[in-house]
Structure formats: C-alpha cells, structure tokens
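Enquirer: missing the sequence, but the structure's below:
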C-alpha cells in the first residue's frame, strides 16, 4: 500500500491526532517568551555589545532614556524625579539639580551647562535603567514612567521606541493576519472551482501555523519580528502545496476514479513536486541561519 492510500485509509485517525496536537501547540504558543531585545542577536565581538557590557560591568547601568520637560515648575520636576526613582527597573535619575545647587539662578550658570540641560521653558532629565535597553524589565519601567508622567513630560530614547514598537506589533498582528487570510480566500474562490476548498485550505494551514508557533517553546524564546511575520510568511509559502493537491485530485476525479482512490493517487502524484518545492523553501530559510546577525537563525 502506497503513502496516499495509507493516508486516505487512516484519515480519521490523522484528523483526530491533528486536533489533539492543537492543545500542546496552543500552550507552547502562549508560554513562549517574546524577546524584544535586539542586542541579544548581535555578535559579542561588535563594539555595540562591548560598550553595553562595559556600561553594565563598570557603572552598573543598562539602557537610558531622556525625558524632556516643558513648562513644569521646579517642585513638579522634583516630584516627577522622585516618582521615576521609585519605579522598579530604574537605576538612577539625573537632572540639573544633580549637577548644580538648585538655589543657583539659571542666569548664573555657564552657557554650555545651561544649554545642555535647560533651554528656555524646557529642561531635560536622564533616566538610567538597571537592565539593557530592550530588556523586559526596562520596557515595564518605561510603561510605568508614562503612567506617572503628565502631558508636559516627553519620554524619548531607544527603550521607549522599543516599547512603542512592541505595542504596535501586538495591536497590528491580528489585523494584517486577518487581511492576509481574507485576500487569500478571495483569490482562491475566484480561481478555484470550489468555494469549500479554500476554507478547508485555510483551516489546515492555520493548524500548521499553530503547530509551528507552538514548537517554538523548544527554542525558549523568539523575537518579536519572528512572531509578527511567521504566520503570514508560512501562509504564503505553503498555500501552493494545497493548490497542487487540489488540481491533481480534480484531474483524478475527471478520469473516472472514485473520491478515495482519486485522493490517494493525487497525494502520490503531487508528493514529488511538493517535496521539491518545499526543499527549495527549506534551503532558503536555512540560509538565514548563517547570518552573523542571529535574528536570521531565529527566523530560519
């Protein structure tokens, strides 16, 4: 008995097993940590990583953020500084008061000092974090800083940028995956001679995507970029295989075979072409694993 006949014969068992596998896959998907720290993917020999390590080792500080304050009274600035200092993940907060005596009038300050830390009605505060720029603890600290800040405080820097990027990815992911699914369904309904087949294709591919995302638990963590594009990428590269099988199945039916026999022969007929096509796809993703920037290994 060939492979196609075995698959058709045991299709009910295969279907039940595939449904059961969704449970551990969903659990794995939920518990897999999402890494937003892009520095972890850089080689340790790069100057950026060396500088980060020196900053942590010699000064005990990780990332930092610059807060621009506009039209705020000195008492409010002092209170905001105290609020920042109490946030978990914040190592130190510096502003003009830490450099010079606050009782000294600004007009008496050296021009270079005054321009660097204060400009007309605006002043600047530097917040140092205890962890790296994109560490989870740092991002939570940025989130808390925004909660205690008012509309006159503008938090800038790489850590707030990563936090914004994280929020955008989480909000937009469902939207563009939905758009990709709807466009794929529309295209297949227009090009195929069945309205049911595209739906079945999307269900099966969706299950495969969940298997893939759930298996990431064995890696420990994945990058937010991988999480954001993996579903759409897998949908795009695997849709053709379902279409190959469908056309082969319809040809076998037109030749007079019964449904079970037609599907068995269609599986065998498309196995070679699907294997060859998937081999080139696998080779392309494996090539990413050789990137110096190890994000490629994460994607591959």
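Expert: In hand now; what should we look at? Note that the coordinates shown come from a computational prediction; the quantities given were computed from them, not determined experimentally.

Enquirer: any idea what residue 124 is structurally, helix, strand or coil?
Expert: State at residue 124, reduced to three classes by DSSP: H, G, I helix; E, B strand; the rest coil: strand.

Enquirer: Point to the residue nearest the middle of the protein.
Expert: Against the mean C-alpha coordinate of the chain, by CA atoms, centre = their mean, the closest residue is residue 224 at 1.7 Å.

Enquirer: what residues are up against residue 189?
Expert: When contacts are counted by CB atoms under 8 Å, 6 or more residues apart in numbering, residue 189 touches 195, 198. Just so you know, the C-beta spots here come from the backbone N, C-alpha and C atoms, and that holds for glycine as well.

Enquirer: Wait, the residue nearest to the centre of the chain touches residue 36, no?
Expert: Yes - using CB atoms under 8 Å, residue 224 and residue 36 qualify as a contacting pair, with a distance of 5.2 Å.

Enquirer: which residues do the two both contact?
Expert: Joint contacts of residue 224 and residue 36 (CB under 8 Å, 6+ apart) are 165, 166.

Enquirer: What residues sit buried inside stretch 232-242?
Expert: Along stretch 232-242, these residues count as buried under the neighbour rule (16 or more other CB atoms under 10 Å): 232, 233, 234, 235, 238, 239, 241, 242.

Enquirer: should've said stretch 277-285
Expert: For stretch 277-285, burial by neighbour count (16+ other CB under 10 Å) applies to residue 277.

Enquirer: Which residues does it contact?
Expert: When contacts are defined by CB under 8 Å, 6+ apart, stretch 277-285 is touched by residues 237, 240, 241, 244, 299, 300.

Enquirer: What about residue 231, how many residues nearby?
Expert: Neighbour count for residue 231, taken as other CB atoms under 10 Å: 21.

Enquirer: which residues are in contact with stretch 156-175?
Expert: 36, 38, 63-68, 129, 133-134, 138-139, 141-143, 146, 224, 227-228, 231.

Enquirer: Can you flag the buried ones in these?
Expert: Neighbour-count burial (16+ other CB under 10 Å) applied to the contacts of stretch 156-175 gives 36, 38, 63-65, 67, 129, 133-134, 138-139, 141-142, 224, 227-228, 231.

Enquirer: follow-up on the earlier one: export the buried residues of stretch 232-242 to JSON lines and tack on secondary structure, distance to residue 283 and pLDDT?
Expert: Below are those laid out as JSON lines (DSSP: H, G, I helix; E, B strand; the rest coil; distance: CB to CB, whole Å; pLDDT from 0 to 100):
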{"residue": "232", "secondary structure": "helix", "distance to residue 283": "21", "pLDDT": "85"}
{"residue": "233", "secondary structure": "helix", "distance to residue 283": "15", "pLDDT": "85"}
{"residue": "234", "secondary structure": "helix", "distance to residue 283": "16", "pLDDT": "85"}
{"residue": "235", "secondary structure": "helix", "distance to residue 283": "20", "pLDDT": "85"}
{"residue": "238", "secondary structure": "helix", "distance to residue 283": "15", "pLDDT": "83"}
{"residue": "239", "secondary structure": "helix", "distance to residue 283": "19", "pLDDT": "84"}
{"residue": "241", "secondary structure": "helix", "distance to residue 283": "16", "pLDDT": "85"}
{"residue": "242", "secondary structure": "helix", "distance to residue 283": "21", "pLDDT": "84"}
